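1. Quick one: sequence and predicted model below, then my questions.
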Amino acid sequence: MKISLFVLTSVFFLSACQLLSREEAPVPPTITEVPVSTWFCTTRQSFELIGEFCELNHWAKVYVSADEHNWSERAKIISNLGDSPQELLHKVLLSQGIDTPYQNRLRAQNWITSLLTVVEPPMAEVLDVMIFQPSQQLLEMESAITLLSQLNASKEKALNELELKLANRKAELETKRVQVEQLLKIEANMADQNRSQ
């Protein structure tokens, strides 16, 4: 029994040594090629047209890095970009920050419109759904808020003018009331004097 236990232990030990001494097969180096197709870009021309933006990961990186900068910093980056479709898409993503002024967000909508005519339908759909429509709604809300603010300001001005007129009218009425009371006192005094005579 001791011998069989010794033999069994020796076999396990030798097997373990053999496993450790084996060299793993070398992993062939990976070659990164430009993909020929993604869901958004199905042709090589699309990749040449918008480059890394065929991948949403790149969109996310640009969008997140844009959020780390204020509008003036992003505006400088935008001014250094050209008008190629790839650069226009980069400009559009940089223009989506919360602090982007209305006019600049509106200009980005025009860039998206021009991009929609040159990109493939899947990319056009992504641009429309993820950027154009939400930005359009935001622009419309900002326009509505601006109009309502202007309307409220004009109503407040008119209300203030009416309140001022009302206060002036009350002062005039009070002055006339005091004058009428004085005239009534004078008349009462005169009537009393006529009775006493």
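-> Looks like it came in fine.

2. quick one: contacts of stretch 122-129?
-> With contacts defined as CB atoms under 8 Å, 6 or more residues apart in numbering, stretch 122-129 is touched by 39-42, 46, 50, 54, 56, 89, 92, 112, 115-116, 119. To be clear about C-beta, it is placed using only N, CA and C from the backbone, and glycine gets the same treatment.

3. per-residue confidence averaged over it?
-> On average, the pLDDT along stretch 122-129 is 90.

4. now do stretch 42-55
-> Rounded mean pLDDT across stretch 42-55 is 86.

5. Please point out which parts of that stretch sit buried.
-> Buried residues in stretch 42-55, counted by 16 or more other CB atoms under 10 Å: 42, 46-47, 49-51, 53-55.

6. which strands and helices sit next to the host helix or strand of Lys185?
-> Assigned by DSSP states H and E, Lys185 belongs to helix 133-196. Other helices and strands packing on helix 133-196, by 3 or more CB pairs under 8 Å, 6 or more residues apart in numbering; DSSP states H and E, are helix 102-116.

7. which element follows the helix it packs on toward the C-terminus?
-> helix 121-127.

8. ok now that next one, how far from the chain's centre?
-> 20 Å (CA atoms, centre = their mean, to the nearest Å).

9. before we move on, what about stretch 59-74?
-> Taking mean C-alpha positions (CA atoms, centre = their mean), stretch 59-74 and its chain are 11 Å apart.

10. Stretch 148-167 now?
-> The answer for stretch 148-167 is 33 Å, by CA atoms, centre = their mean.

11. helix/strand/coil for the spatially most central residue of the chain?
-> For the chain, the residue lying nearest the average C-alpha position, counting by CA atoms, centre = their mean, turns out to be Ile98 (3.8 Å). Three-state call for Ile98 (DSSP: H, G, I helix; E, B strand; the rest coil): coil.

12. Tabulate the buried residues of stretch 42-55 in TSV, adding columns for secondary structure and distance to Arg105.
-> Listed next are the buried residues of stretch 42-55 as TSV, based on DSSP: H, G, I helix; E, B strand; the rest coil; distance: CB to CB, whole Å:
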residue	secondary structure	distance to Arg105
Thr42	coil	30
Ser46	helix	26
Phe47	helix	28
Leu49	helix	24
Ile50	helix	21
Gly51	helix	24
Phe53	helix	19
Cys54	helix	24
Glu55	coil	25
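
13. Report how many residues lie close to Ser135.
-> 19 (other CB atoms under 10 Å).

14. Touching, it and Gln109? I think so.
-> Yes - at 5.8 Å, Ser135 and Gln109 qualify as touching, with contact defined as CB atoms under 8 Å.

15. and His90, how many residues sit next to it?
-> His90 has 24 nearby residues by other CB under 10 Å.

16. In terms of secondary structure, what does whichever strand or helix holds it contact?
-> His90 is part of helix 85-94 when elements are defined by DSSP H and E. The contact analysis (3+ CB pairs under 8 Å, 6+ apart) places helix 85-94 against helix 44-50, helix 56-67, helix 71-80, helix 102-116.

17. Just want the angle from the last one to helix 133-196.
-> Read that as helix 102-116. Inter-element angle recorded for helix 102-116 and helix 133-196: 150 degrees (by axes from the mean of the first three to the mean of the last three CA atoms, to 10 degrees).
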